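Trainee: Model the following, please.
(chains A, B, C, D, E and F)
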There are 6 protein chains.
Amino acid sequence: MPYVNIKITREGGPEGKGPSAQQKAELIVGVTDLLVRILDKKPASTMVVIDEVALEDWGIGGLPVPEYRAQVTKHKTAARE
Amino acid sequence: MPYVNIKITREGGPEGKGPSAQQKAELIVGVTDLLVRILDKKPASTMVVIDEVALEDWGIGGLPVPEYRAQVTKHKTAARE
Amino acid sequence: MPYVNIKITREGGPEGKGPSAQQKAELIVGVTDLLVRILDKKPASTMVVIDEVALEDWGIGGLPVPEYRAQVTKHKTAARE
Amino acid sequence: MPYVNIKITREGGPEGKGPSAQQKAELIVGVTDLLVRILDKKPASTMVVIDEVALEDWGIGGLPVPEYRAQVTKHKTAARE
Amino acid sequence: MPYVNIKITREGGPEGKGPSAQQKAELIVGVTDLLVRILDKKPASTMVVIDEVALEDWGIGGLPVPEYRAQVTKHKTAARE
Amino acid sequence: MPYVNIKITREGGPEGKGPSAQQKAELIVGVTDLLVRILDKKPASTMVVIDEVALEDWGIGGLPVPEYRAQVTKHKTAARE
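Mentor: Down below sits the predicted model:
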């Protein structure tokens, strides 16, 4: 009886499209196969729910994702100069 | 202090409407009443949050819901023929 | 395809026992029946997961539940006097 | 390795806008700072995910939030008269 | 920035042990690899949290898992006789 | 009506104790204050639930936390030598 919830950022700004239906289908079958293979779970009782999260709603390092990425990029550039 | 999260598929494709506001209100009062009756919880400290999930974001049996349902229908039809 | 997560406090301190297996079974059938009756969901694809949360891990009103309840009781007593 | 999920109502009806990007950024930094200060967690491995929930999808006291608030207001008005 | 939560039943009754640390490690690397391969996510910002759920806390088909399994077994046996 | 769920690792191995009740109380009041200050939420309808997660149940970088930390330490030591 597994239940899996996958939260991922919806890339591309407020109008971002997130992963395609095809990519989501690959995630669903991939995760289900893992649970069957490693824990002998049954696919028929394995649920997977995917949530797309807007970039401004996801924080890491104390910053929303867009600001966090901008900062990481700046640091990398500075380190190279 | 109960907190209940109900995740349900938003039926009807990407433009699907999911349950009506009336149906959600019935779910909220129904779940709250259960918690009061079975566990003597107080309604004032019982929260219910309903999430509608797009069909392509929900997987079961290793397939997104639309493909899963198509497959189940095909099997049933085959079994009847 | 509903998935329902019910979080409730485990009453009775760190050694609290929470709801009995019988009460949990009543919650499971009660919530499933609601989803069948209101939204025509199928029991076979309805999952319910119950989480018991220790009192010190649940906060409301800016306080852990034990302190919150003590405060509410004090206010009620004061109001009556 | 903290993961924090903040669910808040999206105020203002079905067309409500919820908190601004600026307010979300303040929540993200505020929660991260708390975890650093109280538990010595590292910001780089602290994730915060904010979910806005439509008013009709949130229930308290056995009612969807709009009906609950209307009832609370009515009670307060009645108490004052 | 993916966050994955995997809920699985802790098999073997109240004293059940659930999956081994080795099986959990395989799940963690397996899910992370999927997110890297399908969505080009970075492992360093991919979190996986595994929750083991006691059998009596998981319901399906309106029954706690132990009763549900007993019922399925009975039906299968009846069908074979 | 905010609901906040904080998941943190239970440090110190399988017998780890996690944060103290005092630290949890500080988290609860801290998060509640943030929601009051930034979003004008009411403490009485703000719930905070803290989950402690065993180290072997938390993965990052494709590894359970203990292995991940060992690897990070090794890299840092190698870089210094």
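
Trainee: so which residue of chain A comes closest to chain D?
Mentor: Nearest residue of chain A to chain D (Cβ to the nearest Cβ) works out as residue A:59 at 3.2 Å. Placement of C-beta: from N, CA and C, glycine included.

Trainee: now that residue, which residues is it bridged with?
Mentor: residue A:64, residue D:48 (DSSP bridges).

Trainee: Can you read off the pLDDT for residue A:13?
Mentor: Looking at residue A:13, its pLDDT stands at 52.

Trainee: one step back: report the contact partners of the residue of chain A closest to chain D.
Mentor: A:65, A:68, D:24-25, D:27-29, D:31-32, D:46-50 (Cβ atoms under 8 Å, 6 or more residues apart in numbering or on different chains).

Trainee: try it again with 7 Å
Mentor: D:28, D:32, D:47, D:48 (Cβ atoms under 7 Å, 6 or more residues apart in numbering or on different chains).

Trainee: Closest to chain B out of these?
Mentor: Closest to chain B, out of all of those and judged by Cβ to the nearest Cβ, is residue D:48, at 17.9 Å.

Trainee: Tell me if I'm right that the closest one and residue D:4 touch.
Mentor: Yes: using Cβ atoms under 7 Å, residue D:48 is in contact with residue D:4, at 4.7 Å.

Trainee: Show me which residues of stretch A:39-52 are buried.
Mentor: Buried residues in stretch A:39-52, counted by 16 or more other Cβ atoms under 10 Å in any protein chain shown: A:39, A:41, A:43, A:45, A:46, A:47, A:48, A:49, A:50, A:51, A:52.

Trainee: Between residue D:48 and residue D:4, which contacts overlap?
Mentor: Common neighbours of residue D:48 and residue D:4 (Cβ under 7 Å, 6+ apart) are residue D:31.

Trainee: residues near residue A:33, how many?
Mentor: As a burial measure, residue A:33 scores 15 neighbours (other Cβ atoms under 10 Å in any protein chain shown).

Trainee: May I ask which helix or strand of chain A has the lowest mean pLDDT?
Mentor: The helix or strand of chain A with the poorest confidence is helix A:65-80; it has a mean of 90 (mean pLDDT, DSSP states H and E).

Trainee: Do it and chain E come into contact?
Mentor: Yes: on the criterion Cβ under 7 Å from any Cβ of the partner chain, helix A:65-80 is in touch with chain E at residue A:65.

Trainee: residues making contact with that helix?
Mentor: A:9, A:55, A:56, A:58, A:60, A:61, A:63, E:1.

Trainee: distance of the last one from residue A:49?
Mentor: Distance, residue E:1 to residue A:49, using Cβ to Cβ, to the nearest Å: 17 Å.

Trainee: just the fifth one next, same as before
Mentor: Relative to residue A:49, residue A:60 is positioned 22 Å away (Cβ to Cβ).

Trainee: List, one by one, the residues from chain A near chain B.
Mentor: Checking chain A against chain B by Cβ under 7 Å from any Cβ, the hits are A:21, A:24-25, A:28-29, A:32-33, A:43-44, A:46-50.

Trainee: Reformat the buried residues of stretch A:39-52 as a markdown table; add secondary structure and pLDDT.
Mentor: Below are those laid out as a markdown table (DSSP: H, G, I helix; E, B strand; the rest coil; pLDDT from 0 to 100):
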| residue | secondary structure | pLDDT |
| --- | --- | --- |
| A:39 | helix | 94 |
| A:41 | coil | 95 |
| A:43 | helix | 96 |
| A:45 | helix | 94 |
| A:46 | coil | 97 |
| A:47 | strand | 98 |
| A:48 | strand | 98 |
| A:49 | strand | 98 |
| A:50 | strand | 98 |
| A:51 | strand | 97 |
| A:52 | strand | 95 |
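
Trainee: a markdown table please, covering these and showing distance to residue E:78.
Mentor: Below are those laid out as a markdown table (distance: Cβ to Cβ, whole Å):
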| residue | distance to residue E:78 |
| --- | --- |
| A:39 | 29 |
| A:41 | 25 |
| A:43 | 24 |
| A:45 | 21 |
| A:46 | 26 |
| A:47 | 28 |
| A:48 | 32 |
| A:49 | 34 |
| A:50 | 38 |
| A:51 | 41 |
| A:52 | 44 |
